[in-house]
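1. Need the 3D shape of this:
(one chain, ligands or ions: 2)
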Amino acid sequence: MRKVMSIVGARPQFVKAAAIDRAFHRVGHVKHILLHTGQHYDAAMSQVFFDELGIPPADINLGVGSGPHGQQTARMLEGIERALIEHRPDALILYGDTNSTVAGALAAAKLHVPIAHVEAGLRSFNMAMPEEVNRVVCDHCSTWLFCPTAAAVRNLEREGFSVAPDGPPSIDHPHVLMTGDVMLDSSMHFAAIAAQRSDILDRLGVISNAYLLATIHRDFNTDDPRRLLAICGALRSCSASHAIPVVVPVHPRTRERILRLQADGLWMLDDDTQLRLIPPVGYLDMIELERHARLILTDSGGVQKEAYFFNKPCVVLRPETEWVELVEHGQARLVDAEPHRIQDAVGAFLKNGVPSCQPLYGDGHAADAIVRCMIE
Ligand code: UD1
Ligand code: UDP
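-> Ligands and ions are numbered 1, 2, ... in the order given. So this is what the prediction gives:
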């Protein structure tokens with residue numbers, strides 16, 4: 001029986017790997033081994049996704065935890081190399097752009113294990129982002145580059161990849177394919193399940209279409225107190241001027257930074273604030289919150305797309321995005337961390353909503369296309 005290994009470690013990778021795992025189950029004759037690096041480890045950042053998304057427990061958990069980039073990546077590299085030598089998979093699947101992704105890419109390339117990169121070709125053209133370094137390295141070590149969008153294919157073409165290769169795929173003759181986005185597969189699969197099982201709106205006491213949803217976790221937003229304060233202040237102003245609560249499931253990295261701002265006396269939450277800072281939520285609660293939000297503000301990659309999947313306007317708290325088609329089609333607006341731009345975009349979207357838009361991320365069967373291609 002053929003063996004394929006997936007490497008996951010961070011929250012969005014559980015969502016992506018769940019779609020691929022379901023696709024392997026539909027095929028039936030490939031053993032899908034799951035390696036969890038342990039990059040995310042809090043129950044709310046890891047276990048809840050395994051419980052809710054029906055992913056089998058990881059076959060291997062490296063338990064690397066948090067740390068500086070070099071240390072964290074090095075620990076993963078060591079553990080992944082060991083696992084590849086022990087399990088000898090026919091191929092390795094890597095997802096997105098985290099440190100778990102780049103560690104997998106380096107380990108597999110040196111051991112000549114062919115890599116399939118899910119979410120290949122995305123670029124922010126900002127190498128100050130650790131994610132940009134990770135994705136460029138992973139793409140250039142891959143044998144199959146599975147692109148979610150036409151823009152991603154164009155980015156790879158500009159970097160010298162052939163988009164019409166002949167002959168069998170290999171690291172020296174990689175195959176670039178546009179498959180659509182596996183996150184759409186998961187959103188479509190789980191939306192009805194979330195509607196049945198999640199009672200998050202009741203628990204928070206918010207009403208459908210009468211709250212904003214926000215997430216912040218990018219290092220450049222959390223680790224720069226001026227940017228974090230600007231965003232938090234703008235969220236508070238939007239809430240006050242439109243008399244609407246803002247629900248903010250807070251990533252642990254952001255929580256730590258907000259606590260520091262509070263300790264330094266730089267940030268206070270008024271008693272009457274409509275800013276609802278809550279712990280990170282599970283996937284089913286999150287997509288239920290997205291489906292019922294009036295509008296979403298985020299610096300997340302995945303949440304930008306999910307806003308579009310659920311037809312919600314998205315205000316992107318970044319200077320640029322990899323998901324350029326969302327901006328081009330008026331589904332999202334880039335506002336950076338500038339309070340007046342955040343408020344303008346929220347005001348405009350609350351008034352006008354989003355225009356209707358053609359499908360941008362495929363038909364919800366990206367994982368089947370990826371698995372089929374690898375098997376062929
Ligand atoms: C990582 C990814 C980012 C992705 C995000 C998804 C990299 C470089 N970054 O960012 O691309 O968008 O995951 O959420 O790989 N922490 C906890 N508990 C946890 C996990 C993290 O408390 O379970 C805290 C720790 O203080 C840690 C910090 O969060 O130092 C950052 O975690 P880390 O995994 O290094 O990066 P993320 O910001 O989560
Ligand atoms: N997510 C979640 N709970 C939360 C915040 C996000 O389940 O409290 C999900 C979200 O729906 C999406 C994924 O996590 O599927 C996105 O992860 P994140 O924003 O952490 O990372 P990014 O996509 O930016 O890499």
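2. Distance of residue 18 relative to ligand 2?
-> Per Cβ to the nearest ligand atom, to the nearest Å, residue 18 is found 10 Å from ligand 2. For glycine as for every other residue, the C-beta is placed from the backbone atoms N, C-alpha and C.
3. try residue 92
-> In this view, residue 92 and ligand 2 are 20 Å apart by Cβ to the nearest ligand atom.
4. can you count the residues close to residue 376?
-> Number of residues near residue 376 (other Cβ atoms under 10 Å) recorded here: 6.
5. One more: residue 69?
-> Per other Cβ under 10 Å, the neighbour tally for residue 69 reads 13.
6. Which residues are in contact with it?
-> By Cβ atoms under 8 Å, 6 or more residues apart in numbering, the contact set of residue 69 is 99, 130.
7. where are the low-confidence patches of the stretch 101-250 of the chain?
-> Applying pLDDT under 70 to the stretch 101-250 of the chain flags no residue at all.
8. phi, psi of the residue of it found nearest ligand 1?
-> Residue of the stretch 101-250 of the chain nearest ligand 1, by Cβ to the nearest ligand atom: residue 130 (4.1 Å). Per-residue torsions, residue 130: phi -60, psi -30 (degrees, to the nearest 10).
9. And for it, nearest residue in space, chain neighbours not counted?
-> What sits nearest to residue 130 in space, not counting adjacent residues and going by Cβ to Cβ, 6 or more residues apart in numbering, is residue 69, at 6.1 Å.
10. residues in contact with the closest residue in space to residue 53 that isn't next to it in sequence?
-> Computed as Cβ to Cβ, 6+ apart, the closest residue to residue 53 that is not its neighbour in sequence is residue 18, at 3.9 Å. Counting by Cβ under 8 Å, 6+ apart, residue 18 makes contact with 49, 53-55, 186.
11. element containing residue 18, please.
-> Assigned by DSSP states H and E, residue 18 falls within helix 11-27.
12. Quick one: work out the angle between the very next helix or strand once past that helix and helix 11-27.
-> Downstream of helix 11-27, the next assigned helix or strand under DSSP H and E is strand 30-36. Taking axes from the mean of the first three to the mean of the last three Cα atoms, to 10 degrees, one finds strand 30-36 and helix 11-27 inclined to each other by 170 degrees.
13. which strands and helices sit next to strand 30-36?
-> Applying 3 or more Cβ pairs under 8 Å, 6 or more residues apart in numbering; DSSP states H and E, one finds that strand 30-36 contacts strand 2-8, helix 11-27, strand 60-61, helix 69-87.
14. make it 10 Å
-> Counting contacts by 3 or more Cβ pairs under 10 Å, 6 or more residues apart in numbering; DSSP states H and E, strand 30-36 packs against strand 2-8, helix 11-27, strand 60-61, helix 69-87, strand 91-95, helix 99-110, helix 366-375.
15. Now do the first one against helix 11-27: the angle between them, please.
-> Think strand 2-8. 160 degrees.
16. One more: the fourth one?
-> Helix 69-87 and helix 11-27 are oriented at 20 degrees to each other (the same axes, to 10 degrees).
17. what residues does the stretch 1-150 of the chain put near ligand 1?
-> Selection of the stretch 1-150 of the chain residues close to ligand 1 by Cβ under 6 Å from any ligand atom yields 10-12, 39-42, 45, 66, 97-99, 130-131.
18. try 8 Å
-> Contact residues, the stretch 1-150 of the chain versus ligand 1 (Cβ under 8 Å from any ligand atom): 9-12, 39-42, 44-46, 65-67, 69, 72, 96-101, 130-131, 134.
19. and those residues near ligand 2, which?
-> Restricting those to those touching ligand 2 (Cβ under 8 Å from any ligand atom) yields 10-12, 44, 96-98, 131.
20. Show me the one in those residues that has more neighbours than the rest.
-> Of those, with other Cβ under 10 Å as the count, residue 97 tops at 30 neighbours.
21. Please determine how far that one is located from residue 334.
-> 19 Å (Cβ to Cβ, to the nearest Å).
22. related to what we said a few turns ago, now the residue nearest to residue 130: how far from ligand 2?
-> Applying Cβ to the nearest ligand atom to residue 69 and ligand 2 gives a distance of 15 Å.
23. Can you give me every residue that contacts the residue of the stretch 1-150 of the chain found nearest ligand 2?
-> Closest residue of the stretch 1-150 of the chain to ligand 2, Cβ to the nearest ligand atom: residue 12 (3.8 Å). Residues counted as contacts of residue 12 (Cβ atoms under 10 Å, 6 or more residues apart in numbering) are 40, 49, 95-98, 119, 183, 186, 283, 300-303.
24. Greatest separation within these: which pair is it?
-> Pairwise distances across the contacts of residue 12 (Cβ to Cβ) peak at 19.3 Å, for the pair 97 and 283.
25. and the stretch 201-350 of the chain, which of its residues are near ligand 1?
-> Within the stretch 201-350 of the chain, the positions near ligand 1 by Cβ under 8 Å from any ligand atom are 217-219, 222, 251-253, 255-256, 300-302.
26. number of nearby residues for the residue of the stretch 101-250 of the chain closest to ligand 1?
-> Residue 130, neighbours per other Cβ under 10 Å, totals 16.
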